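S.K.: model the following, please.
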Amino acid sequence: MASTVRDFESTDRRFAELIEAQRRIQEEVRQLVKAVQALIRQMASHAKDLGDLKTMDLEDLYQREAPALLRPLLRRAVPLSGEEKMRLLEAAEAAGRITEEETDQAAPLDLLVRGIHRREDRPLDLAVEISWLGGTEDVERALERARIFARALEAEVWPVVAAKDLTRPARTMARHLGVWWMQDGRAFAPTKSPKKAPSPSRRGKSQPSVEPSHRGPFGEARRFGSRSRPPASSAKSTQTGPDGPLRLRSQPHNERAARWLPNRGFRP
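M.R.: Residues are numbered from 1 along each chain as shown. As a prediction, the model looks like this:
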């Protein structure tokens, strides 16, 4: 009988020791989870900081070497400084072509470049958003700011995203909205925006040519160098877009609102 009691007491002690060991393990696991979560947050913060630094370096590169990097689209490319950009926007606002709100929306544009169309020898401006990894927000900003600058300058303006790579949703959006993608001096027209990320080019090496064709956000398309013109539109300014018929109307504050011409970007 005494032996049985001792066995029970020994078993109870072992269970108690196991329970205590399990409690310690659970506490250590909780501490480990917290440490891993903190490490993940720290790595995400570092990744964001690194991405910001890379984007700043890319912006500086395009500011310095715009004529070379944008050569597939422009000749005699001239990047405008922030001061020149604001002077143009404020003059357009004073003239009533854009509103104060639109001036605020367009002012943060990363780069405005003026030049001559590479193939058709006419004035052409580019509204460029620059990011190391371009996302849908970059595509949307480039499109919206190109529209505003088109009215402000009363000129033809193409939306462009300059990035080492675009996310898959951004590439899809660029194709649908008619936004160009520049990658290391290579120009991808909206209709030619690759579904898979192309390998980044190596500077100083010959670059593969990209067929220079373009499609507006309403589905119009024509080869870059062609002199053919689209058929005359009807009196009603209705065109077909990705989501069905679209009607272009003047902005309430400006009867000369910018419109998209086939393969011509935004023009007043």
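S.K.: shaky segments in the stretch 51-200 of the chain?
M.R.: Within the stretch 51-200 of the chain, the segments meeting pLDDT under 70 span 51-52, 193, 195-200.
S.K.: tell me where it has helices.
M.R.: Listed in chain order, the helices of the stretch 51-200 of the chain (DSSP state H, counting those that start in this stretch) span 82-94, 100-106, 136-153, 168-177.
S.K.: give the other helices and strands that the host helix or strand of Val29 contacts.
M.R.: For Val29, the enclosing helix or strand under DSSP states H and E is helix 2-69. Packed against helix 2-69 by the contact rule (3 or more C-beta pairs under 8 Å, 6 or more residues apart in numbering; DSSP states H and E) you find strand 74-79, strand 111-117, strand 123-134, strand 157-166. All C-beta atoms are positioned from the backbone trio N, CA, C, and that covers glycine.
S.K.: what does the second one rub up against?
M.R.: This means strand 111-117. Identification of contacts with strand 111-117 by C-beta atoms under 8 Å, 6 or more residues apart in numbering yields 59, 62-63, 66, 70, 73-80, 85, 122-128, 130, 149, 162.
S.K.: report the rounded mean pLDDT for stretch 24-35.
M.R.: Mean pLDDT, stretch 24-35: 88.
S.K.: measure Leu177 to Ala68 for me?
M.R.: According to C-beta to C-beta, to the nearest Å, Leu177 stands 27 Å off from Ala68.
S.K.: same drill for the two, tell me which one is more crowded.
M.R.: Leu177 (20 against 12; other C-beta atoms under 10 Å).
S.K.: sorry, back to before: the helix holding Val29 vs strand 157-166, what angle?
M.R.: Interaxial angle of helix 2-69 relative to strand 157-166 (axes from the mean of the first three to the mean of the last three C-alpha atoms, to 10 degrees): 140 degrees.
S.K.: next, the angle from helix 2-69 to strand 74-79.
M.R.: 110 degrees.
S.K.: who's in contact with Leu32?
M.R.: Listed by C-beta under 8 Å, 6+ apart, Leu32 has no contact partners.
S.K.: distance check, Lys54 against Pro159.
M.R.: For Lys54, the distance to Pro159 - C-beta to C-beta - is 22 Å.
S.K.: correction: the previous question concerned Leu126.
M.R.: From Leu126 across to Pro159, the span is 8 Å (C-beta to C-beta).
S.K.: shared neighbours, the two?
M.R.: Joint contacts of Leu126 and Pro159 (C-beta under 8 Å, 6+ apart) are Trp180.
S.K.: ok, Gln63 touching Val78?
M.R.: No - applying C-beta atoms under 8 Å, one finds Gln63 not in contact with Val78, separated by 11.3 Å.
S.K.: what are the bridge partners for the residue nearest to Leu124 when sequence neighbours are not counted, then?
M.R.: Leaving aside its chain neighbours, Leu124 sits nearest to His117 (4.4 Å; criterion: C-beta to C-beta, 6 or more residues apart in numbering). When assigned by DSSP bridges, His117 has beta-bridge partners Leu74.
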